[in-house]
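only the shape, not the letters, is given here:
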């Protein structure tokens, strides 16, 4: 038993002695010399080669195909502008079924849109635009698609 304890102590001493060395020795011929850093210039920014400009989504004023014709003739310029803004933001950013409301000078409206669908490689949405004017409600429903040039147009 004493012999086993002596062997264990010697083994432990050798293990501890081996762990206490933290650096390694390299012969002078094996020491690497530092290499100078190679600096490469930053690459030039890539310029687009396509001359097609980026198209911004829009709803052209003056085309009010999304409003019932009977209501359109009674709306002022400011009311048409408010309706146009609501229609654009509903088509571009609206959540399906979440109405976007507008109000201007005694007239008000509400635009609801459906989910995006792809038709002939265009983003389209069904919509319903309700206008209330002088106690009368007018509704126009249809489908609007964002054309290649970025403009929303009513297709049906």
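Yep, that arrived. Predicted model only: the values in this text are computed from it and were never measured.

ranges for the helices of this protein?
2-19, 69-72, 77-93 (DSSP state H).

can you give me the neighbour number for the residue nearest to residue 109 when sequence neighbours are not counted?
For residue 109, ignoring the flanking residues on the chain, the nearest one in space by Cβ to Cβ, 6 or more residues apart in numbering is residue 131 at 4.5 Å. Every residue, glycine included, has its C-beta placed from N, CA and C. Using other Cβ atoms under 10 Å, residue 131 has 25 neighbouring residues.

beta partners of residue 131?
Taking DSSP bridges as the rule, residue 131 bridges to residue 109, residue 138.

contact partners for it?
67-68, 71, 75, 83, 107-109, 137-139 (Cβ atoms under 8 Å, 6 or more residues apart in numbering).

which of the residues you listed are buried? Put it as a ChimeraX command.
To isolate the buried members of those in ChimeraX, using 16 or more other Cβ atoms under 10 Å:
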select :67,68,71,75,83,107,108,109,138
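
dump the contacts of residue 131 to a markdown table, plus pLDDT and distance to residue 98.
A markdown table is the format used below for the contacts of residue 131 (pLDDT from 0 to 100; distance: Cβ to Cβ, whole Å):
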| residue | pLDDT | distance to residue 98 |
| --- | --- | --- |
| 67 | 89 | 20 |
| 68 | 90 | 22 |
| 71 | 92 | 22 |
| 75 | 93 | 24 |
| 83 | 93 | 18 |
| 107 | 95 | 21 |
| 108 | 96 | 17 |
| 109 | 96 | 15 |
| 137 | 96 | 20 |
| 138 | 96 | 21 |
| 139 | 96 | 18 |
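
got CSV for the contacts of residue 131, with distance to residue 148 too?
Shown next, in CSV, are those (distance: Cβ to Cβ, whole Å):
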residue, distance to residue 148
67, 25
68, 28
71, 30
75, 30
83, 25
107, 33
108, 34
109, 28
137, 35
138, 31
139, 29
